[in-house]
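J.: coordinates for the following, if possible.
(3 chains)
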Amino acid sequence: MFSVKMQTHKIKMQTHNAPLAALSFLLLMVLLVFADLASAAPAQQNKNYPQGVSAINPGADLWREVRQRDLAAQGVTQVKGVDSGVLINVWGDRWAQFRTDKPIKYAPFVLLGVILVLVLFYALRGKVLIEGGLSGRMVKRFTDYERIVHWVLALVFLFLAITGLILLLGRTLLIPLFGQQLFSLLASASKEGHNLFGPIFLVSLIMMVISFARRNIYEKGDLTWLLKGGGFIGKGHVSGGFFNMGEKSWYWMVILVGLLISISGMILVMPNFGQGRIIMEISHVVHVFAAIVLIAVSLGHMYMGSIGTEGSLEAMKSGYVDISWVEAHHDRWARKVKDSGEILSAEEFARQQGRKPGSTDTATE
Amino acid sequence: MSERLEKGLQVLRAEMDKKVMSFFSSCVRCGICAESCLFYTETSDPRYTPIYKTEPMRKLWKNEYSFWGKLKGKLGISEPMTEADLADWEELVYDGCSMCGRCSMVCPVGVDISMVIFKVKHALAVAGFSPEGLVGATERAVEIGSPMGITLKTVQAMIKHVEADTGLKVPVDVEGAEYMALLSSNEIALYPEYLESLVKIFDHAGVSWTLSSDAFEATNAGLQLGNKAIAGKLVQRVVDGAEKLKVKNVISPECGHAYIALRWEGPNFIGKAYPFRVVHILELLDELQANGSLKTTGMETERLTFHDPCSIVRRGGIQAQPRNLLRPIAQNFIEMTDHGSMNWCCGGGGGVSSNERAEELKLTAFNRKKSQIEEIEVDAVVTACSNCRMVMEDGIEANEMDMPLLGLTELIAEHLEQKPH
Amino acid sequence: MIEYLIDGPLWYFSLAVFCIGVVWQLARILFTAGKTDLSVARGSASSGAWRNIFSRFVPHHEIAPQVRVQVVAGYMFHLGLFAVIFFAAPHVIFLEENLLGFGWTPMPHWAFIVASQFAFFGLLILWLRRMLNSVSRLISTLDDHIAAILTFVVMLTGCLALLKGFTELRLLHRFTVELLLIYFPFSCLMHTFTFIPSRAFTGAWFGRRGIDA
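T.: Model prediction:
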């Protein structure tokens, strides 16, 4: 992403200042020679030469400043641009190293670990079934619009996750598999796709905030749900509202971590607003960590929403859920539904879905 | 292939024209038509989606006119139509569609869905997949002269009552009269006040008019059934009666589908233009008011609204006239939120009210009209179609509402200025 | 070899199928004999036709709230795609060099990206709605799904090839475009052209009857 930008930046500098650069280079070469000669004499006391003269090497100071080992010092150039006065970015190498040492190294383990945990969980605990089974009587939970918002966000997120992981892990994991040429094609494609769909994710996220925030606000009883691990700890049912605390926690994680990813992503994808390299590096680190966290937890969400819990996926397919499912997982909402809401019989539900009772066929051809 | 299926398919092929081809090419299954159809909105049953009702014709188009259909045919892997393709659509087309045409107003690609549904109805009618009630009504219309079995004797009895009540003569079979008035069976059976109003108004306005003993029936069960041949036969009766009496104009009464049958589709059913003008009673009254012949006095003070009969307003083009006539005599005229050409159907048009099997569905569909009326909190509803009136009265009763239904022509007759004779 | 095929014969073939196919389908509709309406017209058919061609771009306010998703997403998709096809720099150059011999000022790069984002977002919403809404699920055909997915793939391959650094990605995009061109005349995508006669026929019918449409 921004490495390309840096490249062009450097090229710009060169073309603008060719004579000056040549002159400086010449000067540096001259100084180097002297510096080299000068540094042959060590600055500190030499044991072999007790009467050694300690002389300050004028080149050492210059090179220390040039190397900018401790801080990115700003110089003055003819090119007036962001960071154009910074000759060497000390954090650049550190950041690149950090990226290889931490996210690239650990992300695969984190993600594989989550998958493993889910597989084990399914193997040991199995699908969370509804006591007494599904009744067939259905209640409306999500409107068309709410389901559309969810699935747009989900699909865009999946695309961004895959392209993002290719960009992060591709060099270590995919080059050995595909070879350099094919990988570079894949990486270029992923980068373009990732950059274009990023803002779409942000818009979808905002739509999700507007649609679902109200029902995800903390209510009395939610803490109890959390302490009981949603019913996995201890015996008996846990009380839940329209959304239980598990869903609320996931929701706010999506929103907050998602916003982190989006904002850092927007900083990265639109470098025309004065962001220097350091801001870009920080944004990248935030982006990567937040993304790995969100991908990892989303695996759990995808599991729980599909094979993990009986009756859940229907909520996001037709928008309707079985009344038994409501009673099992959202008893406080169940009470409201029974008082005022409409509960459809299995036949009525099938009719409204446009299919004959008992059949799943809905398409015209 | 069964004979019934073959007959139905032959009709569909004959009904295929450039319009239908452009319609099926353009429909992208957006589903917007469903939101305009009261049978869908009040039941949430997606099978009542208007464009879905045209499936039999779309399947034929796909098989015999589209690239893939024709290719599949040549390769021997086509999916030929079966009787079920027609039979399963009988309920959707006859019970779940009142031919109100609201769908045709909203389609973004301009499909006249109602027109295509009528073509499907034609095919179903010829293939014999039609509700008993309508088939019976059509038989009675052809054999007796009225779908409700009303004979000339009944009409003559009604005329006697009207003459007694008004003290005015009802002209019958007057040759050379300017206007020949028609009546609908509903009006004869349920709302004889309509004829009484005509008598008073025409006397007041000095209109030269007559009834015809050969051709007093305006309704067209053939149209409701969807059988164009029978519809043409019934139209021809009116044409013959008008030609016999050498009238210049024929008045279509307060009946929705009758107006469509006579004014707009009739000449095409019988294959030739009329030697007379067809005018809807509201058009005529508006003309009379405009030229000063019709003068009203006094005003209704209660809150009134007007229910726009679909076939007269949305499909017929008579929208301004009822308002021109109602406003001078209604102090508190309030439009329904969705009115005029975007009004909601009463639920009983297109033959639905003659179809006993559709009774429950019709009452469910009425919920839309009920909420329209309740929203504006009026004291009475005025309309200009005897079928709408009857259907709404049924719905009002079933919902235990207290809401009088008034006929517009009657209302005008009640407010006629007394002219010195 | 593949590059030669995609940039050469397949391009010409797909273009020919598209042009001939579209003209053929339109001609079939327009030159089928029509029936004369023997009833007396109340109003003008031609003014009704013109009026309807344009009025149907805006939904009736009576149903607007119920159809907001289709209309907003629909316009996002269609306008975004139109802008991308005809005003994105790579396409303007392509059209100038390969088809028309002349070009025009393209939109700036950022506008190209934003337009394509609208197009993607709109199409995603529309296709998901088609699957999630019970009405559109019932009435949708295989044709509708193929058209949506194929269009999305064309757009996506275009996006993936944005850097212009890899011939393979450009060829993939061009290949999917050629598939779309071949599919176009035999699919619901013909609505691109047939919506005009369709709206005109109905508008003429309304105009004749003097209906306030």
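J.: alpha carbons only for contacts and neighbour counts from here, please
T.: Will do.
J.: my read: C:Leu189 touches C:Ala147, true?
T.: Yes - contact criterion C-alpha atoms under 8 Å: C:Leu189 and C:Ala147 qualify, at 6.9 Å.
J.: B:Gly348 reaches B:Cys385, doesn't it?
T.: No - counting by C-alpha under 8 Å, B:Gly348 stays clear of B:Cys385, with 11.2 Å between them.
J.: in space, what's closest to A:Val209 - neighbours in sequence excluded?
T.: Nearest residue to A:Val209, sequence neighbours excluded (C-alpha to C-alpha, 6 or more residues apart in numbering or on different chains): A:Ile255, at 7.1 Å.
J.: state the pLDDT value of the one you found.
T.: pLDDT recorded at A:Ile255 is 97.
J.: that one: neighbour count?
T.: As a burial measure, A:Ile255 scores 19 neighbours (other C-alpha atoms under 10 Å in any protein chain shown).
J.: what comes into contact with the helix or strand that contains it?
T.: For A:Ile255, the enclosing helix or strand under DSSP states H and E is helix A:245-269. The contact list for helix A:245-269 (C-alpha atoms under 8 Å, 6 or more residues apart in numbering or on different chains) reads A:1-2, A:195, A:198-199, A:201-202, A:205, A:209, A:216-218, A:222-223, A:225-226, A:230, A:275, A:280, A:283-284, A:286-288, A:290-291, A:294, A:301.
J.: what's the first helix or strand after it?
T.: helix A:277-303.
J.: now the following helix or strand past that following helix: average pLDDT?
T.: Following helix A:277-303 in sequence order, the next helix or strand is helix A:313-317 (DSSP H and E). Averaged across helix A:313-317, the pLDDT comes to 96.
J.: in the stretch 251-400 of chain B, which residue sits closest to chain C?
T.: B:Gly317 (4.0 Å; C-alpha to the nearest C-alpha).
J.: err, the stretch 51-200 of chain B, not the other one
T.: Counting by C-alpha to the nearest C-alpha, the stretch 51-200 of chain B gets nearest chain C through B:Gly110, at 4.0 Å.
J.: contacting residues around the closest residue to that residue other than its chain neighbours?
T.: The shortest distance from B:Gly110 to any non-neighbouring residue, by C-alpha to C-alpha, 6+ apart, is to C:Arg199 (4.0 Å). Contacts for C:Arg199 (C-alpha under 8 Å, 6+ apart) come out as B:109-111, C:49, C:52-53, C:56.
J.: sec struct for A:Glu219, please.
T.: coil (DSSP: H, G, I helix; E, B strand; the rest coil).
J.: which residue does chain C bring closest to chain A?
T.: C:Leu160 (4.3 Å).
J.: give me the number of residues near residue 209?
T.: Looking at chain A here, since you left the chain open. Residues within reach of A:Val209, counting by other C-alpha under 10 Å, total 17.
J.: please refer instead to chain B.
T.: Neighbours around B:Trp209, by other C-alpha under 10 Å: 25.
J.: need phi/psi at it.
T.: Main-chain dihedrals, B:Trp209, degrees, to the nearest 10: phi -150, psi 170.
J.: list the beta-bridge partners for it.
T.: When bridges are called by DSSP bridges, B:Trp209 pairs up with B:Tyr179.
J.: so what's it up against?
T.: B:Trp209 makes contacts with B:171, B:174, B:177-181, B:202, as judged by C-alpha under 8 Å, 6+ apart.
J.: how about the contacts made by the closest residue in space to B:Gly349 that isn't next to it in sequence?
T.: Among residues not flanking B:Gly349 along the chain, B:Ser98 sits closest, at 4.5 Å (C-alpha to C-alpha, 6+ apart). Listed by C-alpha under 8 Å, 6+ apart, the contact partners of B:Ser98 are B:345, B:347-352.
J.: list the contacts for residue 147?
T.: You didn't say which chain, so I picked chain A. A:Arg147 neighbours (C-alpha under 8 Å, 6+ apart): A:316-317, A:319, C:132.
J.: my question was about chain C
T.: C:187-189.
J.: rerun at 10 Å
T.: C:153, C:180, C:183-184, C:187-189 (C-alpha atoms under 10 Å, 6 or more residues apart in numbering or on different chains).
J.: quick check: it vs C:Met190, distance?
T.: Distance, C:Ala147 to C:Met190, by C-alpha to C-alpha, to the nearest Å: 10 Å.
J.: between these two, which contacts overlap?
T.: By C-alpha under 10 Å, 6+ apart, C:Ala147 and C:Met190 have these common neighbours: C:183-184.
J.: list the contacts of whichever helix or strand C:Phe13 is part of.
T.: Using DSSP H and E, C:Phe13 maps to helix C:9-30. Helix C:9-30 has contacts (C-alpha under 10 Å, 6+ apart) with B:17-23, B:25, B:65-67, C:2, C:4-6, C:174-175, C:177-186, C:190, C:192-194, C:197-198.
J.: switch to 7 Å and redo it
T.: Identification of contacts with helix C:9-30 by C-alpha atoms under 7 Å, 6 or more residues apart in numbering or on different chains yields B:18, B:21-22, C:178, C:181-182, C:184-185, C:194.
J.: most neighbours among the residues you listed, which one?
T.: In terms of neighbours by other C-alpha under 10 Å, the contacts of helix C:9-30 top out with B:Ser22 at 28 neighbours.
J.: so that residue touches C:Ser198, yeah?
T.: Yes - the criterion here is C-alpha atoms under 7 Å, and B:Ser22 meets it with C:Ser198 at 5.3 Å.
J.: where is the longest helix in chain C?
T.: The helix that spans the most residues within chain C, counting by DSSP state H, is helix C:109-132.
J.: residues of that helix that come out buried?
T.: Using 16 or more other C-alpha atoms under 10 Å in any protein chain shown as the burial criterion, the residues of helix C:109-132 that qualify are C:111-132.
J.: so that helix, near chain B or not?
T.: No - contact of helix C:109-132 with chain B (C-alpha under 7 Å from any C-alpha of the partner chain) is absent, the minimum separation being 7.8 Å.
J.: so after that helix, what's the next helix or strand?
T.: helix C:134-139.
J.: sorry, back to before: off-centre distance for the helix holding C:Phe13?
T.: 15 Å (C-alpha atoms, centre = their mean, to the nearest Å).
J.: now swap in stretch B:267-276 and tell me
T.: Worked out by C-alpha atoms, centre = their mean, stretch B:267-276 lies 19 Å from the chain centre.
J.: kindly report the same for stretch B:332-340.
T.: Between the centre of stretch B:332-340 and the centre of its chain there are 21 Å (C-alpha atoms, centre = their mean).
J.: contacts for that stretch?
T.: With contacts defined as C-alpha under 7 Å, 6+ apart, stretch B:332-340 is touched by B:301-306, B:308, B:313, B:319, B:327, B:344, B:372, B:376, C:62.
J.: type out the ChimeraX command that picks the buried ones from the residues you listed.
T.: Applied in ChimeraX, the following selects the buried portion of the contacts of stretch B:332-340 according to 16+ other C-alpha under 10 Å:
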select /B:303,304,305,306,308,313,319,344,372
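J.: list just the nearest of the contacts of stretch B:332-340 to chain A.
T.: C:Glu62 (19.6 Å).
J.: sec struct for that closest one, please.
T.: Taking three-state DSSP, the label given to C:Glu62 is coil.
J.: how far away is the residue lying closest to it once chain neighbours are set aside from B:Ile373?
T.: In space, and not counting its chain neighbours, C:Glu62 is closest to B:Asp338: 6.3 Å by C-alpha to C-alpha, 6+ apart. From B:Asp338 across to B:Ile373, the span is 11 Å (C-alpha to C-alpha).
J.: who has more neighbours out of those two?
T.: A count of neighbours by other C-alpha under 10 Å puts B:Ile373 above the other of B:Asp338 and B:Ile373, at 21 against 15.
J.: quick check: buried residues in the host helix or strand of the more buried one?
T.: Assigning secondary structure by DSSP H and E places B:Ile373 in helix B:359-376. By neighbour count with 16+ other C-alpha under 10 Å, helix B:359-376 contains the buried residues B:361-363, B:365-370, B:372-373.
J.: for the chain, just list every one of the helices.
T.: Using chain A here. A:2-16, A:18-39, A:58-67, A:90-101, A:103-124, A:144-169, A:175-212, A:222-227, A:245-269, A:277-303, A:313-317, A:323-329, A:331-340, A:346-352.
J.: the chain in question should be chain C.
T.: For chain C, helices defined by DSSP H occupy the ranges C:2-7, C:9-30, C:45-55, C:68-87, C:89-95, C:109-132, C:134-139, C:142-160, C:167-183, C:191-209.
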